[in-house]
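> sequence unknown, structure follows:
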């Protein structure tokens, strides 16, 4: 199935994520006020802050990758920085972890990697190391969303705060069902998202790959053996 044949996810916001509306309003108001007062330097600085916020909080509609229920799509825009087997600290199991690092120029909406129901949401306060470091997965502030697929497979998506990111926003609620690519959260100002998958999942990305939330196939869950 080509991307043009895949569904375009219904767009939840008018071009700019709602998490950015307050920032844009304040910076625009400050820019106009400084111009009115003839404070040229201050107006320029607030204008730059407005433009930065405009690009940071953009939230484009996305074509959803994957042709069936076994597809796992990227939960975030960014660069793949880890593909490894490790201990899943949330479900106490061995798992395949794929980590995506978001810099300040990436879209920061987080989207469900599969069709599934939210079984648990964990929040863990922590520190604010550079999100690109391996220890960020275990020591930084983070929020984990445990999804369960229709056939009972567990996928955990973890929003991890970074050096500058100080606010993780998560709209997932226990019992809510998400479709693949549906928006479930946002992280402000640079961070990472770790996805923990069953060990028999087949990866479709490698370290260094650039991915787009919903539109990039991250992995595929194993298919049941045919009788």
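Nice, I can see it. Since this is a predicted model, take the numbers as computed values, not measurements.

> for whichever strand or helix holds residue 26, buried residues please.
Residue 26 is part of helix 21-36 when elements are defined by DSSP states H and E. The neighbour-count check on helix 21-36 (16 or more other CB atoms under 10 Å) flags 23-24, 27-28, 30-31, 34 as buried. In short, each C-beta sits where N, CA and C put it, glycine included.

> which residues sit against it?
For helix 21-36, the surrounding residues in contact (CB atoms under 8 Å, 6 or more residues apart in numbering) are 16, 40, 42-43, 46-47, 49-50, 53-54, 57.

> selection in PyMOL covering whichever of these are buried, please.
Here is the PyMOL command that selects the buried residues among the contacts of helix 21-36 (16+ other CB under 10 Å):
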select buried, resi 16+43+46+47+49+50+53+54+57
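
> what's the most distant pair in the contacts of helix 21-36?
Among the contacts of helix 21-36, the pair separated by the greatest distance (CB to CB) is 16 and 40, at 26.9 Å.

> need the contact partners of the helix or strand of the chain with the lowest mean pLDDT.
Every helix and strand of the chain was ranked by mean pLDDT, DSSP states H and E. The lowest is helix 136-139, at a mean of 72. For helix 136-139, contacts defined as CB under 8 Å, 6+ apart pick out 89, 97, 99, 126-127, 129-130, 158, 160, 162, 192, 194.

> tell me the buried residues in that helix?
Neighbour counts using 16+ other CB under 10 Å place 136-137 of helix 136-139 among the buried residues.

> just checking, next helix/strand downstream of it?
strand 142-149.

> okay, now the sheet partners of that following strand, with direction.
Its sheet considered, strand 142-149 pairs with strand 116-124 (antiparallel), strand 154-161 (antiparallel) by DSSP bridges.

> contacts for that strand next, please.
With CB under 8 Å, 6+ apart as the test, strand 142-149 has contacts from 69, 90-91, 112-124, 126, 154-161, 168, 170, 172, 178, 184-185, 221.

> ok, now stretch 159-172?
19, 104, 110, 118, 121, 123, 126, 128-132, 136-137, 140-145, 178, 183-194.

> how distant is the least confident helix or strand of the chain from the center of its chain?
Relative to its parent chain, helix 136-139 has a centroid offset of 16 Å by CA atoms, centre = their mean, to the nearest Å.
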